[in-house]
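K.L.:
Just a sequence and a predicted model for now, questions to come.
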Amino acid sequence: MDSKTLILVIGCGRSGTSAVTGCLYKMGVAVHEKIMISHDNPKGFFENRDVVAMHNRLLEENGGSWDRPPTIMRGRVRASETIADLIRELPGPVCAVKDPRASLCVDLWRLACEEQGVKLCVLEVRRGRDAIVASLMKREGWENVRAENVAKEYALAIHRAREPDIPWATIDFPADLYDSQAWRKILGGFGLALEPDMDAVRAHVDRRLIHYGENGAELHHPPLWTVVIPSRSDEKVIDCVAGLIETHPDIRPEQIVIVSDGLSLRTRWKLRGVGWVRGARPFVFPRAINAGARSAHPDSDLVILGDDVRFVAARAIDRLASLSHDAAAVAPEVVGVCGQSAQRAGATETEADWLAFICAYIPRWVWNEVGPLDERYIGYGYDDVDWCVRARRHGPLRVARDVRVKHLHESSYRSREDWITKYEENRVRFVEKWQGLEAA
């Protein structure tokens, strides 16, 4: 094997290049640390910001863009020199570079790799044209004709880029992602002594993140996350759901589960379409959250949300999801009363010993491994601390400093009369259970 091998992952946008590059990374192929994440790709694009910026400059200098590829590419020498600089910064001995724009200038990468003595291998990601077009239309808001033209332009550019002296492999998305033989063929063809780790691939690839567009022929995919809201206040829960819809315009009705403690039929009619669970008595937080989690789609991550919590920015939950891929749970900053100082607005910590479940994002696999909230905490507090103690071994408890919620501190399931007494009862339960472990 050469001193360094570069795998260039190409394909039209929305063809699955991010998922494929993520699989390579999980198998031990290095990627540059400057990777990009967005609400519509919380697992990460695995695109180097410098590579993307270089490709954009080259396209703009030639009067084009990623969605309007130029007919002729000038400034090739300067671009090749820039690529050579980027290659020198990449970790080795085997590394991957992914950017759909690279499909338009494979020859420049070949030239730069030859000059640097780096072995170039090209991995072309293929996906059905209809699925690419549908996904582009959904994400970009395009008409069918425009999405079709972009898909065709990239297919033509990739066809022209093929050269017999470049190790070139193809992978069909998503079918080949789970095929160990397909991966062995690809890695063997590149001359790499890597064994595909299919457990790592299955852990990384989330079918819920495969964008199917809105084509009626496409399969329905389960929601990435579901919000569980315990409530007994008609006014508060209506306001809470309205805030969710306002800040998350793509939210689907099945992504909201309300655990009701006597909510009116009128409220249920107003919020028709969302999931409803009748809360068991006595109506306490752990029991309500557990009931909501059981009602949510079994493949959906969980968002615990008080009916007295409001998101400040758009798509905040998607941002929490993007930070959850290696965490046991993620919580936002809190404006208002919060028992965990690390989550208060103005703090600087990015991890904590425990998270206040005013609002928390929990990956489903973590919830399944750790188990539900302990329903013996029938008072107030410490149920979230207890769960976090159990969850620590599965990953960090992360505080998202760029996501903020307002806590109105008027929860409908909390009675003020005996708050202090019940809080102390839960503290005693926690201490007895964990034999004095200091956590709160």
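P.N.:
That came in fine, so what should we check first?
K.L.:
mind listing the strands in the stretch 301-440 of the chain by residue range?
P.N.:
With DSSP state E, counting those that start in this stretch as the criterion, the stretch 301-440 of the chain has strands at 301-305, 309-311, 329-335, 351-352, 359-362, 397-407.
K.L.:
so which of these is the most packed in?
P.N.:
strand 359-362 (a mean of 27; mean count of other CB atoms under 10 Å). Every residue, glycine included, has its C-beta placed from N, CA and C.
K.L.:
Give the rounded mean pLDDT of that one.
P.N.:
Computed over strand 359-362, the mean pLDDT rounds to 96.
K.L.:
Not counting its own residues, what contacts that strand?
P.N.:
225, 301-306, 309, 317, 320-321, 323-324, 328-332, 334, 384, 405 (CB atoms under 8 Å, 6 or more residues apart in numbering).
K.L.:
Repeat that for stretch 390-399.
P.N.:
Defining contact as CB under 8 Å, 6+ apart, one finds that stretch 390-399 is touched by 323-324, 326-333, 342-343, 347, 349-355, 366, 369-371, 388.
K.L.:
Could you do stretch 61-75 as well?
P.N.:
13, 55-56, 58-59, 79, 100-101, 104-105, 108, 140, 146, 150, 153-154, 157.
K.L.:
Let's see that with 6 Å instead.
P.N.:
The contact list for stretch 61-75, computed with CB atoms under 6 Å, 6 or more residues apart in numbering, reads 59, 101, 104, 150, 153.
K.L.:
Kindly report the same for stretch 262-273.
P.N.:
Contacts of stretch 262-273 (CB under 6 Å, 6+ apart): 232, 234, 241, 253.
K.L.:
Report the buried members of those.
P.N.:
232, 234, 241 (16 or more other CB atoms under 10 Å).
K.L.:
Redo the residues you listed as JSON lines? Include distance to residue 401 and pLDDT.
P.N.:
Putting these into JSON lines (distance: CB to CB, whole Å; pLDDT from 0 to 100) gives the following:
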{"residue": "232", "distance to residue 401": "32", "pLDDT": "89"}
{"residue": "234", "distance to residue 401": "34", "pLDDT": "93"}
{"residue": "241", "distance to residue 401": "26", "pLDDT": "95"}
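K.L.:
Please flag which of those sit within helices.
P.N.:
234, 241 (DSSP state H).
K.L.:
of the buried ones among the contacts of stretch 262-273, closest to residue 116?
P.N.:
residue 241 (55.4 Å; CB to CB).
K.L.:
what's the distance between that closest one and residue 362?
P.N.:
Going from residue 241 to residue 362 by CB to CB, to the nearest Å gives 20 Å.
K.L.:
likewise residue 146?
P.N.:
Counting by CB to CB, the gap from residue 146 to residue 362 is 39 Å.
K.L.:
can you check residue 145 too?
P.N.:
Residue 145 is 42 Å from residue 362, by CB to CB.
K.L.:
And for residue 199?
P.N.:
Distance from residue 199 to residue 362, counting by CB to CB: 22 Å.
K.L.:
Check residue 225 too.
P.N.:
Residue 225 is 9 Å from residue 362, by CB to CB.
K.L.:
isn't residue 183 right next to residue 197, touching?
P.N.:
No: counting by CB atoms under 6 Å, residue 183 stays clear of residue 197, with 9.1 Å between them.
K.L.:
This completes my enquiry, with thanks.
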